[in-house]
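# Fold the following for me, if possible:
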Amino acid sequence: MTLTWQLGPRGPKEKWYDEEKKCEDYSVGQPYSCRITRDLYLFTPYEIWVEASNQLGWAVSDVLTLDILDVVTTDPPSGVAVSRVGQLEDQLSVRWEAPPALRDFLFQAKYQIRYRLEDSQEWKTEK
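Numbers count the residues shown, from 1 in each chain. So this is what the prediction gives:
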């Protein structure tokens, strides 16, 4: 999970199970961001905030409470293939595989297909 914020120096903290932890992996090349790469748990509310200090004083952001299932996105599906349905010209079959990281995951991913006619600006969606 990568956290990003605007304005102010580095220093996000996160808290779960009443245990406060500091970010240890600041993303190089992207200002005001932090990557959390371990010890993330499902069905666990996380409280995240940023603390900043300099010669003029100290400030803390609002606390954001979230569950990683609500904010984490996965890699896109792999092996995407599109084919006609028999001899029908107005129907297509779309097949794909779950990304490798999700193949043995506890939960089955849900997918949404977005499509449009070639010259159209209007997208259609199917779940």
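# the helices in this protein, which residues?
With DSSP state H, the ranges of helices along the chain come out as 68-71.
# For this structure, give me the ranges with low pLDDT.
1, 5-31, 36-39, 104-107 (pLDDT under 70).
# Check it for its longest strand and report it.
strand 46-54 (DSSP state E).
# buried set for that one?
The neighbour-count check on strand 46-54 (16 or more other CB atoms under 10 Å) flags Y46, I48, W49, V50, A52 as buried. Heads up, the C-betas are built off the backbone N, CA and C, glycines and all.
# That one pairs with which strands?
Using DSSP bridges, strand 46-54 pairs in its sheet with strand 12-16 (antiparallel), strand 57-60 (antiparallel), strand 64-66 (antiparallel).
# pretty sure G79 is in contact with W96, am I right?
Yes. Contact criterion CB atoms under 8 Å: G79 and W96 qualify, at 5.9 Å.
# R35 and T2, how far apart?
Counting by CB to CB, to the nearest Å, the separation of R35 from T2 is 5 Å.
# out of those two, which sits in the more crowded spot?
Neighbour count, other CB atoms under 10 Å: between R35 and T2, R35 has more, with 15 against 12.
# surely that one meets T4?
No. R35 is beyond contact range of T4, at 9.9 Å (criterion: CB under 8 Å).
# mind giving me the domain split of the chain?
Using automatic domain parsing, the domain ranges for the chain come out as 2-71, 78-126.
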